[in-house]
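Novice: this one's sequence-less:
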């Protein structure tokens, strides 16, 4: 009988949890090490349900419907508030609803928060992961699911540098109950979109903070993409607590001046109902970055999700790509006896197929951004007075 | 030693050729049966080079560069002809350039034109393909690469019906030498796009009819997507020779009245340089259809490319998806000894992973269409006087 596979997952967000669960499914021992000490911050608030995630949920005895708000329509709103809708059923979930199910499915003693990966080093037929607290864990394979700034990636010598894409996502995630009835009437049951050159706004309902899907207890999720020059970006990211945030300006951290500029921009550029929504929200912000795929593997380190390469948010595929990477990786490893050499052919096929998927989706995302003149030269820029 | 795998490929376009080549790569015997007697008609004229195709070309001793025209820029043109360009290198090839390389790589006696698949029937541990000319071929697995109207799909009882997406693609593919210098100066070296609600135009250079990539011997490829109601569609498809074309109205078959309406529409809605290009072209047309994925396999029949499910052309992924399906299928079958039962687990993983890829790309394509109000309700419609 083959020896038990021992893997280490760096990164305890959706992709890392999915990797641990998928590898446990092939009989592996897989501790997860997450850098954040407390509950980790959601990179994405609303998440469009996709087949990979649905498949994983079903394997865990849950379902897409159990963690999602069903939408009935897609609708475009114009500057005057006129709406053109059409039927398009879709399931919307949230990062925290998914996190809850995946995290719950893992034995508690396999999840290690507050564990910052410092480096990985191959030693003979194994690989050692060293953490900031001094711990060292030896295993057969390290899975870097540690995001765009992946320490696993850097340590494995896999090249790649994240680049600001030229636009940001202002976001809100508010209890349904805190939004006016007039706004809710317009947005309820629909995926709503507004787009003009250089900006794009979309909003839809997602489950409540504890996964509630009943009307009245859900949340309104919105994202406002906006071209912001690289020069303006640091000002937009300036925070109340003085921290220099880079990938996420958390709720409550917008400077008062930033908030005022944003609200003025909302009044000037958005339909009233969307500007009202922004005004009623505890806004947070994520700059959009590109990390192009180079390699997904080097020696005994494999990367997945954003650590391997990013896709723009417009295809709503970031989460499902990470989960798909994880499921496929487990399949590639399922016949491996770790007492034998690394299954480089299987891993090569995994890397090639997932890499192609990433490139296709990344190209589609860039095209979707381009259609709204997001992140391309000669396009309108916003918040220049910051 | 395992018995040699014997497969049959139905459909001799890019996806079918790729399947035959990939399966030959794992040692299989794979005749290809193509319905058309002569040279088969290109479903796509210009093809954006993608990683799957590049990989296959390299395995065949060719390369992406050898069959492609390199572009330097992407540019958006407005109604007045003003251009906003930015650097974006890209390789553009053509259906016929790819077909030539793939077809040449197959032994001539394995390619059977004029062979229309009528049905497939499982008989014991094999499957029989029957053709319109009375031939019957027994093998281990039938690969249906026979497009949106797949006979293999119907015969295998895999459900699915193509649905008109609400818009068409008018197309042209003209020798560089027949296009005016003024038009060429604007379009050369760039991927050019024009889009307003309900229509979208894109154009770029591709290799010449015999694969020529030198300036002066290439072709100008253009596609003009346009909302056309289901009621107007039959009129737009009406042909000079009286044939009721459904999926492709070939060059030379547009009615004179259709051509006049189209040119009038071009003058009215397009920048002059693009209207001139339409006027100088031998136009052909493809309605856009959706065939949603249901299953990719039933018993000993596996479907790939459009036969399995379509993606909208906007992601430029139709060809690469078919090739990716083929490469992955060969990988799934590589350890199968056909004297043993079908490797249903491997085929199940293939179906699941390729199905997810299809769904993701299809959703992105639908979104890209939506951004130009193509194929959605309440959008402008064209050629209503036909």
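Specialist: Arrived safely. Note that the coordinates shown come from a computational prediction; the quantities given were computed from them, not determined experimentally. Numbering: from 1, shown residues only, chains lettered A, B, ... in the order given.

Novice: contacts and neighbour counts: CA atoms only from here.
Specialist: OK.

Novice: what does chain A put close to chain B?
Specialist: Residues of chain A lying near chain B by C-alpha under 8 Å from any C-alpha of the partner chain: A:50-52, A:84-86, A:315, A:317, A:328, A:353, A:356-357, A:359-361, A:363-365, A:367-368, A:371, A:376-378.

Novice: buried subset of the residues you listed?
Specialist: Among the residues of chain A next to chain B, those classed as buried by neighbour count (16 or more other C-alpha atoms under 10 Å in any protein chain shown) are A:50-52, A:84-85, A:315, A:317, A:328, A:353, A:356-357, A:359-361, A:363-365, A:367-368, A:371, A:376.

Novice: can you give me the strands for the stretch 151-300 of chain A?
Specialist: According to DSSP state E, counting those that start in this stretch, the stretch 151-300 of chain A carries its strands in the segments A:163-175, A:190-196, A:199-206, A:219-227, A:284-290, A:297-298.

Novice: Ok, the stretch 1-150 of chain A next?
Specialist: With DSSP E, counting those that start in this stretch applied, the stretch 1-150 of chain A shows strands at A:7-10, A:32-33, A:46-48, A:69-77, A:83-94, A:111-112, A:117-123, A:126-131, A:136-139, A:141-144, listed in chain order.

Novice: Go through these and pick out the most buried.
Specialist: With neighbours defined as mean count of other C-alpha atoms under 10 Å in any protein chain shown, these peak in mean count at strand A:7-10, which reaches a mean of 28.

Novice: which helices and strands sit right next to that one?
Specialist: helix A:14-25, strand A:32-33, strand A:136-139, strand A:141-144 (3 or more C-alpha pairs under 8 Å, 6 or more residues apart in numbering or on different chains; DSSP states H and E).

Novice: of all the strands of the stretch 151-300 of chain A, which lies closest to residue A:127?
Specialist: Proximity to residue A:127 (C-alpha to C-alpha) singles out strand A:297-298 among those, at 11.6 Å.

Novice: Strand partners (parallel or antiparallel) of the closest one?
Specialist: Based on DSSP bridges, the pairing partners of strand A:297-298 within the sheet are strand A:301-303 (antiparallel).

Novice: Output the strands of the stretch 151-300 of chain A in TSV, with mean neighbour count and mean pLDDT appended to each entry.
Specialist: Rendered in TSV, the data for those read as follows (neighbours: other C-alpha atoms under 10 Å in any protein chain shown; pLDDT from 0 to 100):
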stretch	mean neighbour count	mean pLDDT
strand A:163-175	22	97
strand A:190-196	21	96
strand A:199-206	25	97
strand A:219-227	26	97
strand A:284-290	21	97
strand A:297-298	18	98
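
Novice: residue contacts, the residue of the stretch 101-250 of chain A found nearest chain B?
Specialist: For the stretch 101-250 of chain A, the residue positioned closest to chain B under C-alpha to the nearest C-alpha is residue A:195, at a distance of 8.7 Å. With contacts defined as C-alpha atoms under 8 Å, 6 or more residues apart in numbering or on different chains, the neighbours of residue A:195 are A:201, A:372.

Novice: State the distance from it to residue B:106.
Specialist: 49 Å (C-alpha to C-alpha, to the nearest Å).

Novice: again with residue A:70
Specialist: When C-alpha to C-alpha is the yardstick, residue A:70 and residue B:106 sit 49 Å from each other.

Novice: picking up where we left off before, save the strands of the stretch 1-150 of chain A as a markdown table, and put in mean pLDDT and distance to residue B:239 too.
Specialist: Below are those laid out as a markdown table (pLDDT from 0 to 100; distance: least, C-alpha to C-alpha, whole Å):
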| stretch | mean pLDDT | distance to residue B:239 |
| --- | --- | --- |
| strand A:7-10 | 98 | 61 |
| strand A:32-33 | 98 | 64 |
| strand A:46-48 | 93 | 43 |
| strand A:69-77 | 96 | 37 |
| strand A:83-94 | 95 | 33 |
| strand A:111-112 | 96 | 66 |
| strand A:117-123 | 97 | 66 |
| strand A:126-131 | 98 | 67 |
| strand A:136-139 | 98 | 67 |
| strand A:141-144 | 98 | 58 |
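
Novice: follow-up on the earlier one: so which of the strands of the stretch 151-300 of chain A comes closest to residue B:74?
Specialist: Among the strands of the stretch 151-300 of chain A, strand A:163-175 comes nearest to residue B:74, with 16.5 Å by C-alpha to C-alpha.

Novice: Fine, thanks again, bye for now.
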